[in-house]
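Participant: A predicted structure for the sequence below; I have some questions about it.
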Amino acid sequence: MPQPPARSVALLLNIAHALDHLFLLIFATAVVSIAAEFGFARWEDLMPYGVGAFAMFGLGSLPAGRLGDLWGRRPMMLVFFFGLGASALLASLTQNAWQLAAALTLLGSFSAIYHPVGIPMLVAGAAKPGATIGVNGLAGNLGLAAAALVTGVLVQWSGWRAAFAVPGLLCLVLGVVFARLVPAEQGSPAQRRARTAAVALSKAELARVLVVMTVASATAGLLFNLTTNGNGQLLRERLAGHVSDPASLGLLLAAVYAVGSLAQVVVGRLLDRVPLKRLQLTIVLCQAPLLAAAALAPGWWLYVALLGVMVLIFGAIPFTDAVIVRYVDDHMRSRVAGMRLTVSLGISSTAVWALGPLVKAAGFQALYLGMAGIALLTAVAVSVLPAEPRQPAPA
């Protein structure tokens with residue numbers, strides 16, 4: 001049976017999750033400044049150049065997950081730290097939109113490693129996997145909050161290039177710390193065959209769960225990408241006349257993400273006590289009315305509605321990892337996670353490409369009403385999950 005990681009290792013894995021999300025949001029947060037320097041009249045016209053990062057965030061998950069199981073999770077996490085840091089430094093040196101697009105695509109390739117490798121490494125042997133996933137989700141979304149705040153401050157004080165370079169250097173330092181603290185694995189996860197899934201399903205039931213998980217993850221990923229990449233510009237538009245400087249807008253957005261992130265801790269603890277299907281269905285059904293409210297709300301009412309939206313969107317994130325821990329053995333979790341992420345994130349990455357053109361053509365109101373419809377599709381997918389036993393069988 002795999003043993004839970006030491007506290008120092010768990011801390012580093014949670015910090016890595018924060019960095020993973022931080023790097024993916026730097027471009028969207030600094031896009032106005034980058035567009036101005038590269039000669040674009042509107043930020044919306046530059047947004048499609050960032051799609052490569054999110055496409056590779058999904059497509060790179062499949063080989064990352066396979067290597068995590070077959071080669072080892074520790075060496076893959078070292079590749080994550082050093083590759084992500086180096087690609088961020090490369091992005092800070094780019095001179096035009098196409099160079100930046102290439103650097104962001106490389107950054108997305110390394111960022112793809114974390115979810116299929118880091119999360120299975122973290123939950124291996126966990127006594128309460130739901131709580132562990134919840135804290136890890138909190139760390140990831142605090143990375144979003146840090147991106148909104150730190151990027152806004154660095155852009156205002158030092159320019160957008162510093163927003164990539166400073167976290168890039170930090171990532172390289174953490175890679176060195178990880179290499180020194182984390183001991184070498186005694187065999188790859190694929191070599192361990194002990195049963196570690198909490199609930200046993202037939203092959204047909206497991207296939208059904210994995211299909212539903214992938215569909216729900218894709219629709220939830222669309223909501224996540226559209227909101228996290230568009231919220232900064234939405235606040236800029238709706239709070240015009242109230243707040244305008246990047247640092248203040250970044251602080252407001254960071255507060256939304258910080259509060260929303262706490263929902264993952266609550267949901268993670270509930271996952272150890274409440275049937276997964278019922279809890280997930282309740283959360284996704286509540287998303288649609290709040291997204292519709294955010295579509296229509298002006299000024300500070302928009303800020304209140306956005307807070308509720310992000311609490312529910314962040315609160316839905318732990319479910320996919322909880323499904324994998326509950327139904328899939330540890331020796332193949334990275335591969336299953338990689339396959340799921342390749343499909344779902346590959347689909348949801350289109351949100352980054354479409355965001356700018358959609359907002360330019362129809363505005364944020366139409367975008368958020370469309371997202372309310374996507375939330376209802378997620379609820380339909382979750383509704384066909386099989387029922388689970390009241391008391392999960394012991395691992």
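Facilitator: Thanks, I have it.

Participant: which residue ranges form the helices in the stretch 101-250 of the chain?
Facilitator: Taking DSSP state H, counting those that start in this stretch as the criterion, the stretch 101-250 of the chain contains helices spanning 114-123, 129-157, 160-181, 203-238, 246-271.

Participant: Quick check: which of those is buried the most?
Facilitator: When you average the neighbours per residue for each of the helices of the stretch 101-250 of the chain (mean count of other Cβ atoms under 10 Å), helix 114-123 leads with a mean of 27. In this view, the C-beta of every residue, glycine as well, is placed from N, C-alpha and C.

Participant: contact partners of that one?
Facilitator: 5, 10, 13-14, 16-17, 20, 61, 64-65, 67-68, 73-74, 76-77, 80, 129, 132-133, 136, 189, 321, 324-325, 330, 333-335, 337-338, 341 (Cβ atoms under 8 Å, 6 or more residues apart in numbering).

Participant: go with 7 Å
Facilitator: Applying Cβ atoms under 7 Å, 6 or more residues apart in numbering, the contact partners of helix 114-123 are 5, 10, 13, 16-17, 20, 61, 64-65, 68, 73, 76-77, 80, 129, 132-133, 136, 321, 325, 330, 333-334, 337-338, 341.

Participant: lowest confidence element among the helices and strands of the chain?
Facilitator: helix 333-348 (a mean of 73; mean pLDDT, DSSP states H and E).

Participant: so what does that one touch, helix or strand wise?
Facilitator: When contacts are defined as 3 or more Cβ pairs under 7 Å, 6 or more residues apart in numbering; DSSP states H and E, helix 333-348 packs onto helix 51-59, helix 61-70, helix 114-123, helix 203-238, helix 318-327.

Participant: got the contact list for the last one?
Facilitator: Around helix 318-327, the neighbours that count as contacts under Cβ under 7 Å, 6+ apart are 119, 123, 129-130, 133-134, 137, 197-199, 201, 206, 209, 213, 217, 264, 267-268, 271, 276, 280, 333, 336-337, 340, 392.

Participant: Show the average pLDDT along that helix.
Facilitator: Mean per-residue pLDDT for helix 318-327: 77.

Participant: so how far is it off the chain centroid?
Facilitator: 15 Å (Cα atoms, centre = their mean, to the nearest Å).

Participant: Equivalent analysis for the first one, please.
Facilitator: Between the centre of helix 51-59 and the centre of its host chain there is 12 Å, according to Cα atoms, centre = their mean.

Participant: same check, this time on stretch 204-221
Facilitator: 17 Å.

Participant: what's the answer for stretch 92-105, then?
Facilitator: Stretch 92-105 sits 22 Å away from the centroid of its parent chain (Cα atoms, centre = their mean).

Participant: same question, stretch 158-174
Facilitator: The answer for stretch 158-174 is 20 Å, by Cα atoms, centre = their mean.
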